[in-house]
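The sequence and its predicted three-dimensional model are supplied below.
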Amino acid sequence: MVIFIFLTSLQLGASYGYAQCPSTIPDLFTYGTGTTAVIDIEECLPRKIKARPTLEGVTNVRTIFDYQGGPLRPENLKTDSIHTYTRPGTYTLVQLSEKEGVKLIGCAKVVVNDTLSPKVRLSACTDGTVQVLFDANQPSQYYAYWVDWGDGTISEVPGSHKTTSHRYSNNRSYTIAAWGVQRLGMCKGSMAFLQYSPSQPIAPPLIKELSTASSTQAELVIENPLATEVTVMLERPDGTFASTGVKTRREKDQVKVSVTNALESTCFRLEASDACLAGTYQSEVVCTAVLDLTEQPEHTQLSWQTRQAATNQRMELMKDGALWKEVTSAGATRTVDDTDLSCGKEHCYQLRIVSSTSIITSSIRCRRTPTSFCSTSTLYIPEAFSPNNDGVNDYFEIKGELPADFHLSVYNQWGTIIYHSTNPANSWDGKSQDTPLPPGQYPYVIRIRDAKGNDYRRTGTVLIIK
């Protein structure tokens, strides 16, 4: 049992003198050396003190309790030696006196600590003990902390420590109180209360975002509700996890981790470093997305892979910063072709996987469209047609200066050719193997060779309307 003794008599403080005086005091060198004792009447906020000179026989004692620079104005000098500080902070006390006709000065620093409640969290260990965790950045720094576990047990925790633990003899709920003290037995701070229940779940840490920052690094955005130390773990080929050496105590953080093979999907998990939380405080496994780009003469080939196994996730291919295709149904490994390339423009792609808890993005892969895609011929290409046999716009017809060396290819959403013709006089009826296709956008590639032997390409999409 811990017994607290709160002293109500005057507490004698240290003596201070000339050396503590700030250089901003005008004509400081003209004063003799005086000494001042700061005595605590009430140490807690509001802090009440008494300031008195320690030299015998001094007269005309006047004090500024909150000197902020500039001249020592008479209106700021108080003859009352007792003062109460109502706000936390560090104050400069200046005291003037006289002895045998000599003006004396003594100064002191008065630190007024706040009495805010500590920032604490609660966690249950796998061995049945309970931990109170103190945040690394406290709103008010205390000499020590005390924890009342609610069952008659009180623990003292040094201010430099981050955790304390306790084991209950009864499996029931308790109210836990924690507070700080500025000095042992004195100046008790406000209490913080925690509710413990044996069945209370712990919110796990999360990898909110995972992106491939470079060919050798992955970047993770982390949420760590307990603000306890967690380690970034890397999955090895045998399925076990090993530490990457990257750790954080922050509630929210952004860290970078080395990737051994940028061409393969790499999986990570967060685990508590504290043995108390081992096996219970860990995140779901999150894996990188890998996107590969291959430059083909007539299209850009995109291949991806990921080991991400989260349910209810959505996979998207981004092109030039906007959604290009949703590829959720394509699976963890797939190859698609982009035939819709713009003359002389660089197109950039990225794979994006969105689940209920995380967002995963691959590195961005780019390709500049070669000049062979640019044609000087004047072509008239419709943006849409309606193959409904009404005699109006039933065909996809290319008109203009069409040379004999002409190729037209139309693709589906997966890059498979569904129509091809080398005859400029032919037109597409919106069918694939005599089967009418549903309404929607269909990419095409037109390749021509002019009379000088120059090859050109024209790409785009045509809309089937029904």
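The structure has been received and is ready for your questions.

can we go C-alpha only for contacts and neighbour counts from here?
Fine.

Read off the pLDDT value for the nearest residue to D338 once chain neighbours are set aside.
Residue nearest to D338 in three dimensions, not counting chain neighbours: T300, with 5.1 Å by C-alpha to C-alpha, 6 or more residues apart in numbering. pLDDT for T300: 91.

Which element is encountered next along the chain beyond the least confident helix or strand in the chain by mean pLDDT?
One helix or strand of the chain scores below all others by mean pLDDT, DSSP states H and E: strand 11-17, with a mean of 56. Next helix or strand after strand 11-17 toward the C-terminus (DSSP states H and E): strand 32-33.

Tell me the first helix or strand C-terminal of that next one.
strand 35-42.

Keeping just the C-alphas, turn that next one into PDB.
Written as PDB, here are the backbone C-alpha positions of strand 35-42 (Å, rounded to 0.1, in the frame of the first residue of the first chain):
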ATOM      1  CA  THR A  35      20.200  36.900  -3.800                       C
ATOM      2  CA  THR A  36      16.600  35.800  -3.900                       C
ATOM      3  CA  ALA A  37      14.900  32.700  -2.400                       C
ATOM      4  CA  VAL A  38      11.800  31.400  -4.000                       C
ATOM      5  CA  ILE A  39       9.600  29.600  -1.500                       C
ATOM      6  CA  ASP A  40       6.600  27.500  -2.500                       C
ATOM      7  CA  ILE A  41       3.400  28.000  -0.600                       C
ATOM      8  CA  GLU A  42       1.300  26.000  -3.000                       C
END
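
which residues sit in contact with G34?
Residues counted as contacts of G34 (C-alpha atoms under 8 Å, 6 or more residues apart in numbering) are 17-18, 53, 55, 96-97, 104-106.

ok, back up a step: hang on, the residue nearest to D338 packs against D292?
No. Between T300 and D292 there is no contact under C-alpha atoms under 8 Å: 10.4 Å.

hey, what's in contact with both of those two?
Joint contacts of T300 and D292 (C-alpha under 8 Å, 6+ apart) do not exist.

wait, which of the contacts of G34 is closest to Q282?
Nearest to Q282 among these, counting by C-alpha to C-alpha, is G17 at 55.8 Å.

any idea how far the closest one is from R47?
21 Å (C-alpha to C-alpha, to the nearest Å).

Which positions are bridged to R334 in the beta structure?
W304 (DSSP bridges).

Now do the contacts for it.
With C-alpha under 8 Å, 6+ apart, R334 has these contacts: 303-305.

Could you do A384 as well?
With C-alpha under 8 Å, 6+ apart, A384 has these contacts: 396, 462-465.

Could you tell me what pLDDT the model assigned to it?
A384 carries a pLDDT value of 95.

one step back: how many neighbours does the residue nearest to D338 have?
T300 has 20 neighbours, counted by other C-alpha atoms under 10 Å.

what's it sitting at in phi/psi?
Dihedral angles of T300 (phi, psi; degrees, to the nearest 10) stand at phi -110, psi 130.

beta partners for it?
Judged by DSSP bridges, the bridge partners of T300 are E295, D338.

Flag the shaky bits of the stretch 51-200 of the chain, pLDDT-wise.
184-186 (pLDDT under 70).

How are the strands of it distributed by residue range?
59-64, 82-85, 89-99, 102-112, 120-124, 130-134, 144-148, 154-158, 163-166, 174-183, 186-188, 192-196 (DSSP state E, counting those that start in this stretch).

I'd like to know which of these lies nearest to S265.
strand 120-124 (33.3 Å).

Starting from the closest one, tell me which strands it pairs with and how they run.
strand 130-134 (antiparallel).

Centre of the chain to the strand it pairs with, how far?
23 Å (C-alpha atoms, centre = their mean, to the nearest Å).

do the same with stretch 294-303
36 Å.

Adjust the sequence numbering to begin at 58 for everything that follows.
Yep, numbering from 58; the last one is stretch 351-360 now.

residues touching S254, list them.
229-231.

Quickly run through the sheet partners of the helix or strand where A275 lies, with directions.
For A275, the element it lies in under DSSP H and E is strand 274-280. Partners of strand 274-280 in the sheet, by DSSP bridges, are strand 263-269 (antiparallel), strand 309-315 (antiparallel).

winner for burial among these?
Most buried of those by mean neighbour count (mean count of other C-alpha atoms under 10 Å) is strand 263-269; its value is a mean of 22.

Quick one: residues in contact with that strand.
Taking C-alpha under 8 Å, 6+ apart as the rule, strand 263-269 contacts 275-281, 326-327, 340-341, 343-346, 414-420.

where's it relative to the chain centroid, distance-wise?
Centroid displacement of strand 263-269 relative to its chain, using C-alpha atoms, centre = their mean, is 10 Å.

and what of stretch 416-424?
On the basis of C-alpha atoms, centre = their mean, stretch 416-424 sits 20 Å off its chain's mean C-alpha point.

Start and end of it, how far apart?
25 Å.

Could you pull out the buried residues of that stretch?
416-423 (16 or more other C-alpha atoms under 10 Å).

How about stretch 247-255?
247-251, 253.

Around P83, how many other residues sit close by?
Neighbour number of P83 under other C-alpha under 10 Å is 12.

show me the contacts for it.
127-129.

how about those in JSON lines, adding neighbour count?
Compiled in JSON lines, these are given as follows (neighbours: other C-alpha atoms under 10 Å):
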{"residue": "G127", "neighbour count": "10"}
{"residue": "P128", "neighbour count": "12"}
{"residue": "L129", "neighbour count": "16"}
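
Specify which member of these is nearest to S386.
G127 (74.1 Å).

Would you enumerate the residues in contact with that closest one?
By C-alpha under 8 Å, 6+ apart, the neighbours of G127 are 81-83.

ditto for V168
145-148.

hmm, try it at 7 Å
146-148 (C-alpha atoms under 7 Å, 6 or more residues apart in numbering).

Out of these, which is nearest to Q470?
Looking across those and measuring by C-alpha to C-alpha, the closest to Q470 is G146, at 66.7 Å.

Name the residues of stretch 84-100 that are buried.
Going by 16+ other C-alpha under 10 Å, stretch 84-100 has these buried residues: 88-100.

want to try a markdown table for the contacts of G91, with neighbour count and distance to L436 as columns?
Shown next, in a markdown table, are these (neighbours: other C-alpha atoms under 10 Å; distance: C-alpha to C-alpha, whole Å):
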| residue | neighbour count | distance to L436 |
| --- | --- | --- |
| G74 | 20 | 94 |
| Y75 | 21 | 93 |
| P110 | 24 | 100 |
| L112 | 13 | 104 |
| L153 | 27 | 96 |
| S154 | 24 | 100 |
| L161 | 23 | 99 |
| I162 | 26 | 95 |
| G163 | 27 | 94 |
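
and which of those is nearest to T221?
Nearest to T221 among these, with distances taken as C-alpha to C-alpha, is G74, at 41.4 Å.

just checking, the closest one touches G89?
No. Using C-alpha atoms under 7 Å, G74 is not in contact with G89, being 10.1 Å away.

pLDDT below threshold where in the stretch 358-507 of the chain?
By pLDDT under 70, the weakly predicted segments of the stretch 358-507 of the chain are 366-368, 428-434.

can you pull out the strands in it?
For the stretch 358-507 of the chain, applying DSSP E, counting those that start in this stretch gives strands covering 371-376, 379-383, 390-395, 403-411, 416-418, 422-425, 436-437, 441-442, 456-457, 463-468, 474-478, 488-489, 492-493, 497-506.
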